[in-house]
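> 3D, please:
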Amino acid sequence: MASLLPADGVLFEASNQAPPPSKDFNQLIIQRQEVIWRTWKITLRNDYRRLAPGEVKESHEDFTFDDRMQFDVGRVFDERTLNYALELCRGNIDYLVRMPRPLLIYMVSYLELEDIAALSQTSKLMYDICNTEALWEQIYENHCDTVTDEMRSLAHEMGWKRMFFTNKLQLQVKLRRHQNKQETPEGGTTFLTDA
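Below is the predicted model of the structure:
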């Protein structure tokens, strides 16, 4: 699992402007060994013009006991970001979000449809994974005996997920229409009646 961690050692990085009335800019970096908190003072007052950006570096353990820095992180970002930073510093690293996207899609493709629907509601990452075309292409190929070139062409037009949930009769009609549209020369018109 250690190979899923970035080579530069940065586990988490976020930047944000402090809430009003402050205009200061802040950055939080959590590396494998330390936490870095940077602050750039943004002001029109003369007494701060020569003030260099501030930087505080602490070990993970020190950060978990530093109420002042935790307050600043929670104020500039939010409580969720602070909790995530604390969990990283305690060694609770979320390896799932660090996995390569194709591997996540491959794993999700083996779930039941109900489980995919439930998984898509757990996080933004999982919502994106569960609604990606690559996943639904794999699911479609796993559930169908044959996938023809015409079916692939139709899927690129209407989307694999939508095609998966289309009933067989409607899919046959759509395939016929798509084939006729491909065969009809430009400017020609073909009328189909639904059977």
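> Any stretches of the chain with poor pLDDT?
By pLDDT under 70, the weakly predicted segments of the chain are 1-8, 44-51, 184-195.
> what about the longest helix in the chain?
helix 168-183 (DSSP state H).
> Can you give me the buried ones in that helix?
171, 174, 175, 178 (16 or more other Cβ atoms under 10 Å). For the C-beta atoms, the positions are set from N, CA and C on the backbone; glycine is no exception.
> before we move on, what about stretch 147-165?
In stretch 147-165, counting by 16+ other Cβ under 10 Å, buried: 151, 154, 155, 160, 161, 163, 164.
> chain center to that stretch, what's the gap?
24 Å (Cα atoms, centre = their mean, to the nearest Å).
> so what does the longest helix of the chain touch, helix or strand wise?
helix 149-158 (3 or more Cβ pairs under 8 Å, 6 or more residues apart in numbering; DSSP states H and E).
> Just give the closest residue to the residue nearest the centre of the chain, not the sequence neighbours.
Nearest to the mean C-alpha position of the chain, by Cα atoms, centre = their mean, lies residue 125 at 3.4 Å. Residue nearest to residue 125 in three dimensions, not counting chain neighbours: residue 97, with 5.7 Å by Cβ to Cβ, 6 or more residues apart in numbering.
> just checking, the one you found touches residue 124?
No - here residue 97 lies out of contact with residue 124, judged by Cβ atoms under 8 Å, at a distance of 10.0 Å.
> Give the residue from the two that has the larger number of neighbours.
Each of residue 97 and residue 124 has its neighbours counted (other Cβ atoms under 10 Å); residue 97 has more, 12 against 9.
> For residue 75, see how far away the more buried one is.
25 Å (Cβ to Cβ, to the nearest Å).
> Pop the domain breakdown of the protein in here.
7-93, 98-183 (automatic domain parsing).
> Run through who's touching the host helix or strand of residue 138.
When elements are assigned from DSSP states H and E, residue 138 belongs to helix 133-143. Counting by Cβ atoms under 8 Å, 6 or more residues apart in numbering, helix 133-143 makes contact with 102, 105-106, 108-109, 113, 116, 129, 147, 155, 159-161, 163-164, all of which sit outside it.
> let's go with 10 Å and repeat that
101-102, 104-111, 113, 116, 128-130, 132, 147, 151-152, 155-156, 159-165 (Cβ atoms under 10 Å, 6 or more residues apart in numbering).
> residue ranges of the helices in this protein, please?
Under DSSP H, the chain gives helices at 60-65, 67-76, 79-89, 101-108, 113-119, 124-130, 133-143, 149-158, 160-164, 168-183.
> possible to save these as CSV with distance to residue 42?
Formatted as CSV, the helices of the chain follow (distance: least, Cβ to Cβ, whole Å):
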stretch, distance to residue 42
helix 60-65, 25
helix 67-76, 13
helix 79-89, 21
helix 101-108, 36
helix 113-119, 41
helix 124-130, 30
helix 133-143, 43
helix 149-158, 48
helix 160-164, 45
helix 168-183, 56
